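S.K.: make a model of this:
(2 chains)
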Amino acid sequence: MGKRVAIVGTGQTYHKSARLDVNGIELINEAVTRALEDAHLTIKDIDAIVIGNMDHFEGINYVDTWSVDGSGGFMKPILKVTTGGTTGTTVAMAGYYHAASGLFDTVLAIGWEKNSESDTTGAIITAFDPIWDRPAFAGAVAGLAIEASVYMHTYGVTERDAARVSVRDRKHATNNPHAHLRGEITIDDVLRSPMLSYPVKLLDMCPRTDGACAVIFASEDRAEKITDKLAWVWATATRHNYVYLGDWDLQGLRTLESASKEVYQKVGIREPLKEIDVMELYLPYSFAGLSWIEALGLCKKGEAPRLLWDGVTDMGGELPINPSGGVISCNPIGATGLIRVAEASLQVRGKADKRQVPDARVALATGFGGCGWSDVMILRKEKR
Amino acid sequence: MEKKDLLTISSGEQAQPFNWSVGRYGSKFLTELRDHKKILGIKCPSCGWVYVPPRRVCGKCFVEMSDWTELSPKGTLMAFTVLMFSFVDPDSGKERPVPYGYGYIRFDGADSSFPHFLKETDYKKIKIGARVEAVFEEKRRGHLLDIKYFRIIQE
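M.R.: Modelled structure (predicted):
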């Protein structure tokens, strides 16, 4: 068994569609500086760095080497981890593993992206098989629309049901100064927004954002000396399942179902809806806010719309989801998963300001990437 | 500093061609498609799944496959979307024309699905469960797009 590990500090940049005032190095530095400030540490206190993004968005490879001025990686162990959409959560997991191993006490995890630098859909397509998938594929929007078509057909879920997810996330985002999109929207706004790829419309979909996030993990030997506001990593799990897009079994997000089950088993959670206080989920489009909370075991298959319409997942509900506004409000892709972990940690550290869920003690964060990959990390206030 | 003075530098008309190995399994599929308009699948000896496109290993069972099977060019539509927004096709560097139909077809006798273009672009006229058929290009070159698209058929 590894050492117990806690999150002791987080930092996020100012997020917007195009941060032309900074290059990648400076963007990374903005997040790192804020994380160090939050933890009251200096770069000298950092023993190792894990960094990641999807480098085909910028067309510049090897961020681990070229970003050292910004990351603080000068003459330190630095490792790049990149797993597509899940990069941010995988960076968090790798940061956790480093600290849990006992080889490094204080580890800085960084996720970032400058989505403004290329055509996001075109870049995403290059992550897929060039012989069998690229010629007809149309990136995340089309891939997710395919999933939505099956989910609607199987359970009779409607575009209106899905719109409720976008309305929730965008409302929550008004409390978050780091969210990229901070304007409230209505169900009708979503339904009337331009069709991108049936049944996914503009306001069903996440934006593309420039931004970075940094999270500092400390082992139990160090964490309590740094701060008394800690988010302990309770358990984590990851799943990848298939190669070619057509190998999907059309049964929802099996990887998330499996990874969350493993996490619940590890920590002894039987009723996630009752036992978890808040979730920060990687929901890149509205339908995921229905189908994927079923995969997380919050309700039976096809029943998620009822939870949404009843307000169960709103701020003030039984299990608030995405107090930050989620991915539909902010999506610097390589940072997106790490932002979920950072936001979940702010909740259990009691530092989430206007988006704080009162007395949050257990928080769950997820990451998503294609082909249908999932990462799950659960955090808690108590050490155990 | 004024916004107009925050510069971006374009990469220009860059081109970096790649030559990807298709391998024995994929090459056999593509040459049969090119020469005989045949659709080949491959069956896992362990779980019995029939995969299209054929490949060497069943990832779920992690065993080698060698049981080739010819499939009908007809199948069932399992999932679909219709693209309405244009984007840069990374293979050509040009905007891909929209709208286009994109569907997951399960060939009769197969267990995996096969993503490809649909001829129909009106999403109101496309239903999951529809019967579809591959339409082949006249001039074929050993490429996935030797299948032009799938059209909806009435049976």
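
S.K.: switch to C-alpha atoms for all contacts and neighbour counts from now on
M.R.: Fine.

S.K.: make sure B:Gly109 is indeed in a helix.
M.R.: No - using DSSP: H, G, I helix; E, B strand; the rest coil, the assignment for B:Gly109 is coil, not a helix.

S.K.: need the contact list for the nearest residue in space to it that is not next to it in sequence.
M.R.: In space, and not counting its chain neighbours, B:Gly109 is closest to B:Leu71: 6.4 Å by C-alpha to C-alpha, 6 or more residues apart in numbering or on different chains. Listed by C-alpha atoms under 8 Å, 6 or more residues apart in numbering or on different chains, the contact set of B:Leu71 reads B:Lys38, B:Ile39, B:Leu40, B:Gly41, B:Phe107, B:Asp108, B:Gly109, B:Ala110.

S.K.: again, only this time at 7 Å
M.R.: B:Ile39, B:Leu40, B:Gly41, B:Phe107, B:Asp108, B:Gly109 (C-alpha atoms under 7 Å, 6 or more residues apart in numbering or on different chains).

S.K.: for those residues, pick the one with the most neighbours.
M.R.: B:Phe107 (26 neighbours; other C-alpha atoms under 10 Å in any protein chain shown).

S.K.: right, and that one touches B:Thr76 too?
M.R.: Yes - the criterion here is C-alpha atoms under 7 Å, and B:Phe107 meets it with B:Thr76 at 6.5 Å.

S.K.: look at B:Lys4 and report its pLDDT.
M.R.: pLDDT, B:Lys4: 88.

S.K.: so who does it touch?
M.R.: With contact set as C-alpha under 7 Å, 6+ apart, B:Lys4 has no partners.

S.K.: surely it forms part of a helix?
M.R.: Yes - B:Lys4: assigned to a helix according to three-state DSSP.

S.K.: ok, now how distant is it from A:Asp21?
M.R.: Separation of B:Lys4 from A:Asp21 (C-alpha to C-alpha, to the nearest Å): 11 Å.

S.K.: ok, A:Leu308 next?
M.R.: A:Leu308 is 39 Å from A:Asp21, by C-alpha to C-alpha.

S.K.: B:Thr81 now?
M.R.: Distance from B:Thr81 to A:Asp21, by C-alpha to C-alpha: 38 Å.

S.K.: more neighbours: those two, which one.
M.R.: B:Thr81 (30 against 13).

S.K.: pretty sure that one is in a strand, no?
M.R.: Yes - assigned with three-state DSSP, B:Thr81 falls within a strand.

S.K.: helix/strand/coil for residue 19?
M.R.: Picking chain A for this. Once three-state DSSP is applied, A:Arg19 turns out coil.

S.K.: not quite, go with chain B.
M.R.: With three-state DSSP as the criterion, B:Asn19 reads coil.

S.K.: contacts only, for the residue nearest to B:Pro115 when sequence neighbours are not counted.
M.R.: In space, and not counting its chain neighbours, B:Pro115 is closest to B:Tyr104: 4.3 Å by C-alpha to C-alpha, 6+ apart. When contacts are counted by C-alpha under 7 Å, 6+ apart, B:Tyr104 is found next to A:Gly246, B:Leu77, B:Met78, B:Ala79, B:Phe80, B:Ser113, B:Phe114, B:Pro115, B:His116.
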